[in-house]
Structure formats: structure tokens, C-alpha cells
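Q: Please work out how this folds:
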Amino acid sequence: MSLPYRTALVVGAGAGISAALARLLAAEGLRVGLAARDAGKLAALAAETGAETFSADAADADAVAALFAEADARLGEADVVIYNASARAPGPLASLDPEAVRQAVAVTAYGAFLVAREAARRMEPRGHGAILFTGATAGVKGFPLSAAFAMGKFALRGLAQSAARELGPKGIHVAHFVVDGAVRSARRPDPADRPDSTLTPEGVARAYLDVLRQPRDAWSFEVELRPWVERF
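A: This next block holds a predicted model:
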């Protein structure tokens with residue numbers, strides 16, 4: 001089943017899940033835009049996929065508005081928007097730097113609001129579109145030494161729930177993905193004694209595309225993704 005969309009914008013692009021998404025979306029024939037604070041790091045991926053790249057600070061309202069305006073001009077209005085940006089400020093609660101926590105929550109949650117707001121403004125008049133959020137286990141349960149990340153991901157999940165209930169009846173598919181496990185990379189390979197114990201970026205990205213293919217009489221809101229040996 002082909003995707004019922006033509007243009008996708010991935011905010012918080014880089015290696016891993018977002019790169020896998022760019023490849024799969026481009027292979028499906030969508031025009032793809034990739035946004036990151038440093039767009040220079042996306043050059044190789046853009047060359048591989050034919051994607052357009054954009055520089056933007058996801059936690060800055062003016063920057064996000066400018067990002068969407070530029071994407072409208074270069075790609076056309078996106079009918080798929082994926083928010084993949086997040087930030088951490090790990091450490092003991094009593095010694096956390098307030099500014100580092102503020103920035104982490106701003107990127108993980110406030111930036112998601114800004115991006116979803118711009119996406120909804122474009123999708124609502126058409127009665128069509130999809131907004132996907134990359135969540136984490138930290139949005140379901142907070143872990144020690146990870147207060148800032150938990151705050152951001154809990155807020156992200158709440159935003160997604162609210163947006164899904166508001167926008168779903170208007171024809172906009174909102175989904176939240178709980179990525180419950182380590183994502184495999186060159187720096188984080190599978191342990192030799194535990195094969196397939198990490199998530200592959202390609203496996204996660206395929207799950208996003210499966211959701212995008214869903215007919216509106218059977219939409220998923222929340223999808224949990226974990227390796228087969230992950231405890232939960």
C-alpha cells in the first residue's frame with residue numbers, strides 16, 4: 001500500500017532513526033526535507049536521498065516559523081511532519097544546572113509544540129496530514145539521574161495525546177512512538193553475546209511508515225517499539 005502523502009519534513013534530523021526515515025520516505029517517492037540546528041552535517045544524507053536541508057533551532061518560535069515558510073517555498077507544504085529532536089541534561093537532581101534543564105526541556109517538548117503548531121496550521125485547512133513524535137521509555141517512566149529527559153518526554157507524550165484528540169477528527173493522523181531500547185549504531189553495536197538486542201534505525205523507521213499507511217478507520221496513536229529481549 002503506497003503512502004497517501006507527498007511531502008515530509010523531519011525536524012531534528014541526523015544519523016540513526018531520522019536518516020533511516022529519510023531513506024525510506026524518499027524511496028516511497030516523497031519529497032523530503034531535513035531540519036537540524038547544523039544543516040551541514042546532513043549534506044551526505046541529502047546527497048543520497050535528494051532531500052532538501054534546513055537550519056533551524058527547534059526551540060525558537062521565530063526560527064520554526066521561518067523553517068516552515070522556507071520549506072513551503074522549496075518543497076511545498078509538508079503533509080507529513082516528524083519531530084525527532086531531543087536533548088538531555090543527566091545527573092543527580094540536587095546538582096543539575098537549571099539552565100541546562102530548561103534547554104533540554106525546551107528542545108524535547110517546547111520545540112515539539114512549536115513544530116506541531118506550524119504543521120497543524122497547514123494541515124487543518126486541507127483536512128489531511130500526519131504528525132509523528134519520537135518518544136522514549138522516559139516518557140512513560142522516569143529513571144534515576146534523568147529528570148530533565150523524563151520531564152521533556154512526558155511533556156511530549158502529553159502534547160501528542162492532546163493533539164491526537166483535537167486533530168484526529170479533522171483528518172490529521174497524530175502518532176507517538178515509544179522507542180523502548182537502545183538504538184543500534186556504529187558507536188553502539190549489538191553485544192556479541194546478545195544478538196538483536198538493540199533496535200535498528202531501519203526497523204524503527206519501517207514502523208513509522210507502517211503507521212503512515214494506516215487507513216483512517218484504523219489509526220494507531222501510540223506504538224511501543226523494543227527489541228525482543230528488552231524487559232518492560
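Q: which SSE is L24 in?
A: Following DSSP states H and E, one finds L24 within helix 17-27.
Q: Next secondary structure after that helix?
A: strand 31-36.
Q: burial of R188, as a residue count?
A: A total of 11 residues lie near R188 under the criterion other C-beta atoms under 10 Å. From N, CA and C alone the C-beta is placed, and that goes for glycine too.
Q: for it, helix, strand, or coil?
A: Following DSSP: H, G, I helix; E, B strand; the rest coil, we place R188 in the coil state.
Q: Check A85 too.
A: Here A85 is recorded as coil under three-state DSSP.
Q: same check, this time on A65
A: Reduced to three states by three-state DSSP, A65 is helix.
Q: quick check: angle from the helix holding L24 to strand 31-36?
A: On the basis of axes from the mean of the first three to the mean of the last three C-alpha atoms, to 10 degrees, helix 17-27 is oriented at 160 degrees to strand 31-36.
Q: residues touching E124, list them.
A: 167, 170, 172 (C-beta atoms under 8 Å, 6 or more residues apart in numbering).
Q: Burial check on the nearest residue in space to R188 that is not next to it in sequence, number of neighbours?
A: Using C-beta to C-beta, 6 or more residues apart in numbering and skipping the chain neighbours, the partner closest in space to R188 is A182 (5.9 Å). Counted with other C-beta under 10 Å, residues neighbouring A182 total 14.
Q: I figured A182 hits P201, correct?
A: No - at 11.4 Å, A182 does not count as touching P201 under the criterion of C-beta atoms under 8 Å.
Q: I'd like the distance between the residue with the largest distance to the centre of the chain and V229.
A: Residue distances from the centre of the chain (C-alpha atoms, centre = their mean) peak at D193, which lies 30.8 Å from the mean C-alpha position. In this view, D193 and V229 are 11 Å apart by C-beta to C-beta, to the nearest Å.
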